[in-house]
Each structure stands twice: as structure tokens, then as C-alpha cells.
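[1] Fold the stuff below for me.
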Amino acid sequence: MFIDKAKIFVKAGNGGNGSIHFRREKYVAAGGPDGGDGGKGGNVVLKVDPSMTTLMDFKYKKKYAAPNGMDGVGKRQKGKSGEDVIVKVPQGTIVRDYESGRIIADMSEPDKELVIARGGNGGWGNAHFATAVRQTPNFAKNGQKGGEREITLELKLLADVGLAGFPNVGKSTLLSRTTKADPKIANYHFTTLEPNLGVVDLGDHRSFVMADIPGLIEGASEGVGLGHEFLKHIERTRVLIHVVDVSGIEGRDPIEDFDIINEELVKYAPELEDRLQIVAANKTDIITDEEVYKAFVAEMEKRGYTVFSISAATGKGVDELMKYTYEELSKLPPAVVFESEMNIDEEEFILDDVGFEISRDGDAYVVSGSWIEAVGGGINFDDNESLQFFQRALLNKGVIDALVEAGVQEGDTVIIGDLKFDFVY
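    Numbering: from 1, shown residues only. Down below sits the predicted model:
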């Protein structure tokens, strides 16, 4: 089954907590702090796998979570970092933020990697907080939370050439004759219900990728039938071979068919109006009305199109069409790459050591942010030095000023992570 769209949830690992530990050795009456740091949480990484041709794997697995970092231990031993989780996607996959719909990345380059959810940093052990006046810090810093996000994966095929046209005009036959692709072929409308890719090899290291896009119908740009599902796979193609049935066996007007398909293409993506089109007048081996055929060729040439009279079934004119297509491709720039619309490294779900925000939960003021929650999580409220460190951290990072600006009053409840306390200024 060809699956070209999927929604998944990604969650990076949390950083391990720093350790509160003191040296305990024989003949050492009062060993100093030696708590180790926590390990970093694992990342979730998207990686292009050129061998994949569909998003089928994501139909069954929709959640990808990396392991947390391990907590630090005594003797300044750092916790083990969580392993990265590699999620393989087909080449040509567009990654979007599910909530906003903005493009995060275009995975169109072979072996491209993208850290889509960054693991949390490990917390500091109490050894980090020892000073000349604070020799036995009885607190540490918790690890930061890993990033998480719902994303949409959308596959837009990376093909140099797209075969466009109504159903049953011979696109699948043309693809099977010119490549090693094996599409289903039969004399029925909508035989092709999924795109097929094939490599046209002309020898002498001359080749290009061609896609048989399922047949379009009038109204496809508005989503009639499977219009949108088909049209998006034409967006990257550099050349369109517009296959038209000129045999007349179904009593259709080939000029009208040509215009309908072009209208749907432009409605869906206006930039397709400027995409190079080569016209393949197909089924010339079974023409029933020579005048209709001649009128079509004359009209296309009048409009400036290059027309190849072919028979995909017998191979007539096909080699000439493929060679001309390659020559035109060699003059064109590379395939379309979709620009990123957001920088996830600047988004709040990617950890920021100094970032925080203040919101309201009823009468309480909630301070959220990976750094501040990690600091608050390791505080020992029964230890004066720990409380003093926490208060200085809030003051130095601007949290106190931000709370006052937000309207907090003496005695109001402040929530930071799992901590809840009364504000005292």
C-alpha cells in the first residue's frame, strides 16, 4: 500500500538528574561533595533512507521516544547519556509542525539528518555548587526535559519527469515500456491508484527518474476524487510529459482533455503554469478519426508545445520522446526544494538554558521553562544554602522581575514544575 502522509509524535529523552553525594572514605572525616552530573537525554533524529518509497511504516507506529539520560552518581561519575532514536523517512518527505502546519524541513537530500526533538541536558551534581563559603552543598540540579512535538510527514515524490493526463490515456504503459517499473495496466479508468516511479536509462550515464502520476479528472484541484493526493506529487517535477489519448476510441476531444488537465494543474499550484510541458499524442496506432488527431497536433504546435506522436503500446516514437526529454532536463535547474518556514532550534520545545515564560493557572503564577524547572527540581527546601541558591538563580535570570511585572503579590502562589510556594519579595 502506498502511504504518502502520516502524523507522528516524537519525544526526546529527559536529562538525568545530578547527584547529591559526599565522599565517604576511611580516614576521611568530612569528605567533600562528589555528586556526578546526569547524562544527556537521547535525541529523535529523522534520516533520509533512499530505499524507502512510502510512509507505510508510520501507519502502524506513531510514537517515537528516545531514552532518558541516567542520573549521576558519587565519585563525580556522570550518568550515561540516552541513545538517539533514528527515524528513517523516504527521500522527498516534507516535515511539518502539526499544530501550525509550517514546514520544518524538506528531506530531499540523500542521507540528510534532522534532529526533530533534542534531548534534555543532564543536571549538575552537588560537586558543581561547592564554593569557599558553601563547602557542603546539599542540593543538585535536575536534568532538563526533552523536546516533544507532533509532526506531519508528507511525501512529495522526487521525480525529474511527471506523466500527467486523464485516466486510461497510457501513462502506465509508457512508464513500463521506458523503465523497469511494473505498474498495474488495464483498460479501466483509475487503474493506477498510486504513483509509480521508474528510472529511464538511455545509456552513456544518461538517465532520469519518471513518475506515473495517477490520472486526474475535472475538479481534481478542489479535491474531487483523489485530486489533492495525486497533484502534490507533480510539484517537484522539472518537466511534465502530458499524455493525451488521440485515438478517438472513447469519443473524447483531445484538445478539451488537454485544457482540463492544465486548468487543474494551475488551480492547484499556479507555478505549474511555467513548468515545461512536452505533449505525447498517444495511441496513434489505433486512430479512428484522422482529422481530430491532425487538429490536435496543429493546435498544440500553434501554442508552442513540442508534440511527439507515439504509441506506448508498440513503442513507436517513445525513444525519441525520452531522448528529447533528457536534453530538456539537462538545461533546467535542480528539482524544487521547499524552504523551511520555522527554525526549530529557536522554538520553545528545543531546550533553552535561559528561557522561561509566565502564565496563570487560576490565582497561581506558573513559571515554565526547561532551565528553571530543572533548577527548581533539585532544590532541598530544608537546606538554607539550597534555598539561597534557588533565590539567587530566580533573581539573576530575571524570573523575580518578570513575576512582579506580571502582577504577583506577596503571598501569591507560584508554581515551577512540581514546586509550589508562596511568593516573598
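[2] Okay, buried residues for whichever helix or strand residue 45 is part of please.
    Secondary structure from DSSP states H and E places residue 45 in strand 44-48. Using 16 or more other C-beta atoms under 10 Å as the test for burial, strand 44-48 gives 44, 45, 46, 48. C-beta here means a position set from N, CA and C on the backbone, and glycine is covered the same way.
[3] Kindly indicate which of those residues lies nearest residue 159.
    Distances from residue 159 to the buried residues of strand 44-48, taken as C-beta to C-beta, are shortest for residue 48 (15.8 Å).
[4] residue contacts, that closest one?
    For residue 48, the contact set (C-beta atoms under 8 Å, 6 or more residues apart in numbering) comprises 88, 89, 90, 91, 93, 107, 108, 109, 110, 111, 112, 113.
[5] let's go with 6 Å and repeat that
    91, 107, 111, 112 (C-beta atoms under 6 Å, 6 or more residues apart in numbering).
[6] Dump the residues you listed to JSON lines, plus distance to residue 415 and pLDDT.
    Output for the contacts of residue 48, formatted as JSON lines (distance: C-beta to C-beta, whole Å; pLDDT from 0 to 100):
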{"residue": "91", "distance to residue 415": "45", "pLDDT": "89"}
{"residue": "107", "distance to residue 415": "39", "pLDDT": "93"}
{"residue": "111", "distance to residue 415": "44", "pLDDT": "84"}
{"residue": "112", "distance to residue 415": "40", "pLDDT": "92"}
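[7] Go through these and flag which are in strands.
    Judged by DSSP state E, strands contain the following of the contacts of residue 48: residue 107.
[8] can you list the contacts of residue 48 in a markdown table and add distance to residue 394?
    Below are these laid out as a markdown table (distance: C-beta to C-beta, whole Å):
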| residue | distance to residue 394 |
| --- | --- |
| 91 | 48 |
| 107 | 41 |
| 111 | 45 |
| 112 | 41 |
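[9] Tell me where the stretch 151-300 of the chain has strands.
    Assigned by DSSP state E, counting those that start in this stretch, the stretch 151-300 of the chain shows strands spanning 161-164, 196-203, 206-212, 239-245, 276-282.
[10] Can you say which of those is packed in most?
    strand 161-164 (a mean of 28; mean count of other C-beta atoms under 10 Å).
[11] circling back to that earlier point, from the contacts of residue 48, keep the buried residues only.
    For those, buried by 16+ other C-beta under 10 Å: 91, 107.
[12] taking the contacts of residue 48 as a set, which two sit the farthest apart in space?
    107 and 111 (10.0 Å).
[13] Look at the residue nearest to residue 276 when sequence neighbours are not counted and report its pLDDT.
    Leaving aside its chain neighbours, residue 276 sits nearest to residue 239 (4.9 Å; criterion: C-beta to C-beta, 6 or more residues apart in numbering). Residue 239 is assigned 95 on the pLDDT scale.
[14] where does residue 81 fall, phi/psi-wise?
    The phi and psi values for residue 81, taken as degrees, to the nearest 10, are phi -80, psi 150.
[15] Quick check: it touching residue 69?
    Yes. With contact defined as C-beta atoms under 6 Å, residue 81 and residue 69 form a contacting pair (5.2 Å).
[16] residues shared between the contacts of these two?
    Common neighbours of residue 81 and residue 69, using C-beta under 6 Å, 6+ apart, are 39, 40.
[17] of the contacts of residue 48, closest to residue 138?
    residue 112 (47.1 Å).
[18] I'd like the strands of the stretch 151-300 of the chain written out as JSON lines, with distance to residue 265 added.
    Formatted as JSON lines, the strands of the stretch 151-300 of the chain follow (distance: least, C-beta to C-beta, whole Å):
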{"stretch": "strand 161-164", "distance to residue 265": "7"}
{"stretch": "strand 196-203", "distance to residue 265": "19"}
{"stretch": "strand 206-212", "distance to residue 265": "14"}
{"stretch": "strand 239-245", "distance to residue 265": "8"}
{"stretch": "strand 276-282", "distance to residue 265": "9"}
